[in-house]
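Colleague: generate a structure from the sequence data that follows.
(one chain, ligands or ions: 1)
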Amino acid sequence: MAKTVARKAARRAKKAVGTRVERKARVTRRPRAGSEGPRTLTIDIGGTGLKMLVLDARGRPVNERARVATPQPATPASVLRALKTLIASQPRFDRVSVGFPGVVHDGVVKTAPNLAPSWHGHDLAKALRTATRKPARVCNDADVQGLGDIAGKGVELVLTLGTGLGSALFVDGRLVPNLELGHHPFRHGRTYEDLVGKAALEKAGKKRWRKHVRAAIAQLDPIFNYRTIYLGGGNARLLKPADLPKNARITSNEAGLLGGIALWR
Ligand code: BGC
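Modeller: Residues are numbered from 1 along each chain as shown. Below is the predicted model:
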């Protein structure tokens, strides 16, 4: 009896060792999850800065974010030149996603209020496909940011506080593309963007600008009745979380790039 138990234990131990060795060998041979599959170069074109990084197949950054100031005047030619220089410093990628600060239909720019009028009608997706020889998709910047922020449940609104005011609306994770709340009249003939954009921040100072942001949220909440409002973009860091309603979240500026992978879903 004792002999049988000892034999069984020895067999179990042998099996366990075998399993351990085998598992270990498999783990060391298996590449890091997400390192297989397409990598996405994600680009955020802003009125102030051009940013980019490469995401692995699971949407995790594989490198540090690179940034240069947006050339002025920000014409298609000057912006594309700056983008090409920055792209040359990026690691390997298989496709390109772009967040653009204006209305975009099928990769073609319709408006670019904070860049230059010569963008109107410019096929940015095609220009980037030619420049990189990779497939490229272009969407509104706030829409891309939102794709990186939302929970995917109910109505969610995203505002980006940067040079302009970006907005993106989602219903159960589905995007209503190109919502341009920034240009809607808000107060005394001025638009939301006039009151919470970068120019307003510089003119009114942080305290009054925060007050305007709170007033804008108070106006939008009973119209959209969203579950959550996400506040992103470079200036969102100036907000005080304690001053905001409970359903408001301040999100990282990085989401503008992290959402890039969602354009391929
Ligand atoms: C543009 C939007 C853009 C926002 C943030 C606004 O002026 O009209 O399309 O999302 O700026 O860049």
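Colleague: all helices of the chain, in order?
Modeller: In the chain, the helices defined using DSSP state H lie at 2-29, 76-87, 124-132, 141-149, 192-196, 198-224, 255-258.
Colleague: the stretch 151-265 of the chain against the ligand: which residues are in contact?
Modeller: When proximity is defined as Cβ under 6 Å from any ligand atom, the stretch 151-265 of the chain approaches the ligand at 160, 162, 164, 165, 166, 180, 182, 183, 193. C-beta here means a position set from N, CA and C on the backbone, and glycine is covered the same way.
Colleague: rewinding a little: deepest of the helices of the chain, which one?
Modeller: helix 141-149 (a mean of 28; mean count of other Cβ atoms under 10 Å).
Colleague: state the distance from residue 80 to residue 233.
Modeller: Residue 80 sits 23 Å away from residue 233 when distances are taken as Cβ to Cβ, to the nearest Å.
Colleague: go on, residue 196?
Modeller: From residue 196 to residue 233 the distance is 10 Å (Cβ to Cβ).
Colleague: ditto for residue 169
Modeller: Distance, residue 169 to residue 233, using Cβ to Cβ: 16 Å.
Colleague: who has more neighbours, these two?
Modeller: More crowded of residue 169 and residue 233, by other Cβ atoms under 10 Å: residue 233, with 25 against 20.
Colleague: without its sequence neighbours, what residue ends up closest to the residue of the stretch 51-200 of the chain found nearest the ligand?
Modeller: Proximity of the stretch 51-200 of the chain to the ligand (Cβ to the nearest ligand atom) peaks at residue 164, 2.4 Å away. Excluding its sequence neighbours, the residue lying closest to residue 164 (Cβ to Cβ, 6 or more residues apart in numbering) is residue 114, at 4.8 Å.
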